[in-house]
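Student: Pasting a predicted model and its sequence here:
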Amino acid sequence: MSHPAAERPKRAVNVCVSTDLLDAGRRARVNLSALLERALTEELVLLKRFQWLEENALAIAAYNVHVEQWGTFYGSRRSSG
């Protein structure tokens, strides 16, 4: 079961950030923990998409060949009816 972000267990981590960037973030009152969680979540979503595309590349290619030859499934049904 997924927990809302505020209720998830937290763990302290060490990260290295350039000094000037960290200073600017602190001056702007950026919540570094929240920023890291958002950025990590977005990155994981992207990686999952790329993984799905890679795992399904053969099926996607086969479907594209079918569409080139016969049109889309929707288009095929529509043109025959």
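Tutor: Nice, thanks for sending it over.

Student: Tell me which helix or strand comes right after the top helix by length along the chain.
Tutor: In the chain, assigned by DSSP state H, the helix with the most residues is helix 32-55. Remark: after helix 32-55, the chain's next helix or strand is helix 57-70, criterion DSSP states H and E.

Student: ok so, going back, keeping just the C-alphas, turn the longest helix of the chain into CSV.
Tutor: This file holds the C-alpha atoms of helix 32-55, laid out as CSV (Å, rounded to 0.1, in the frame of the first residue of the first chain):
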residue,chain,number,x,y,z
LEU,A,32,16.0,20.3,-0.1
SER,A,33,14.4,17.1,1.2
ALA,A,34,11.1,17.8,-0.6
LEU,A,35,13.0,18.8,-3.7
LEU,A,36,15.1,15.6,-3.7
GLU,A,37,12.0,13.5,-3.2
ARG,A,38,10.2,15.2,-6.2
ALA,A,39,13.2,14.9,-8.4
LEU,A,40,13.8,11.3,-7.5
THR,A,41,10.2,10.4,-8.1
GLU,A,42,10.2,12.1,-11.5
GLU,A,43,13.5,10.3,-12.4
LEU,A,44,12.1,7.0,-11.4
VAL,A,45,8.9,7.6,-13.5
LEU,A,46,11.1,8.4,-16.5
LEU,A,47,13.3,5.3,-16.0
LYS,A,48,10.1,3.1,-15.7
ARG,A,49,8.8,4.5,-19.0
PHE,A,50,12.1,3.9,-20.8
GLN,A,51,12.3,0.4,-19.3
TRP,A,52,8.7,-0.3,-20.5
LEU,A,53,9.5,1.0,-24.0
GLU,A,54,12.7,-1.2,-24.1
GLU,A,55,10.8,-4.3,-22.9
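
Student: what does it contact?
Tutor: Applying C-beta atoms under 8 Å, 6 or more residues apart in numbering, the external contacts of helix 32-55 come out as 5, 10, 15, 25, 60. The way it works is simple: take the backbone N, C-alpha and C, and place the C-beta from them, glycine included.
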